[in-house]
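Peer 1: Just a sequence and a predicted model for now, questions to come.
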Amino acid sequence: MFGPSSASADNSWDGQPFIFDKVRVSDERRSDAFLRVFERARCQMVQMTSEQQDAHTADAEFVTHLAGRLLGYGKALPPTPVPSKEYAALCDVTDMTKNDSFDLFYGMYKFNPNAKSHIAKIRDNLARVEQKLAAKEAYLLAREELRNSDRQRLISECKQLLREVAQNSQPDVVAKAKDSDGK
């Protein structure tokens, strides 16, 4: 299954899935000759019914277009002169879906019985990620606060110990001073 944007820059169909079903075939040799054209182009030949193909691809297409629309709105993916491969792939998804009409997207939504559950899963996953981020941030802030309070406590203890050492060593210093003066 491929379209104009699916083939590589050299227009190769190598590895692209070619989904077919032999329906109403009256001339088996002619049908096989037609399919061999795509086999020789090294397409990945997949035989399945249109119903099976719809079931396998409807969810993937809807989620892809949903992600493209989510990331495309409001410049969620700002341009960068040095994109990573992952970032470039996300930009490719938005580029592939940005020119498709909202009517097409709505059709994917309306006629895919799983569309609402995919939206709910994405919403739940986003909430889960936000919760994890908030928990990590709270943990790091608490750890830093604990370190700061421990540091303050240690500084106070050190000051107290230094005072005690200074007080305890002063009689020795005075006694030694008296001994050296001869008094």
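Peer 2: Nice, thanks for sending it over.
Peer 1: which ones are touching Gly107?
Peer 2: Contacts for Gly107 were tallied using CB atoms under 8 Å, 6 or more residues apart in numbering; there are none. In short, each C-beta sits where N, CA and C put it, glycine included.
Peer 1: Now for Pro113, which secondary structure element holds it?
Peer 2: Here Pro113 sits in a region with no helix or strand, counting by DSSP states H and E.
Peer 1: quick one: average confidence on stretch 14-30?
Peer 2: Here stretch 14-30 scores 91 as its mean pLDDT.
Peer 1: Repeat that for stretch 122-130.
Peer 2: Stretch 122-130 shows a mean pLDDT of 95 in the predicted model.
Peer 1: swap in stretch 110-119?
Peer 2: In this model, stretch 110-119 carries a mean pLDDT of 94.
Peer 1: buried sites along that stretch?
Peer 2: Neighbour-count burial for stretch 110-119, counted by 16 or more other CB atoms under 10 Å, picks out Asn112, Ala115.
Peer 1: Same check on stretch 44-63?
Peer 2: Gln53, Ala58, Asp59, Glu61, Phe62, Val63.
Peer 1: what sits up against it?
Peer 2: When contacts are taken as CB under 8 Å, 6+ apart, the neighbours of stretch 44-63 outside the stretch itself are 1, 15-22, 35, 38-39, 108-109, 111-112, 114-115, 118, 122.
Peer 1: and these, which of them are in helices?
Peer 2: Residues of the contacts of stretch 44-63 located in helices (DSSP state H): Leu35, Phe38, Glu39, Met108, Tyr109, Phe111, Ala115, His118, Ile122.
Peer 1: Distance to Ala138 added to those residues, as a markdown table?
Peer 2: Shown next, in a markdown table, are the ones in helices among the contacts of stretch 44-63 (distance: CB to CB, whole Å):
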| residue | distance to Ala138 |
| --- | --- |
| Leu35 | 59 |
| Phe38 | 56 |
| Glu39 | 58 |
| Met108 | 39 |
| Tyr109 | 37 |
| Phe111 | 43 |
| Ala115 | 35 |
| His118 | 30 |
| Ile122 | 25 |
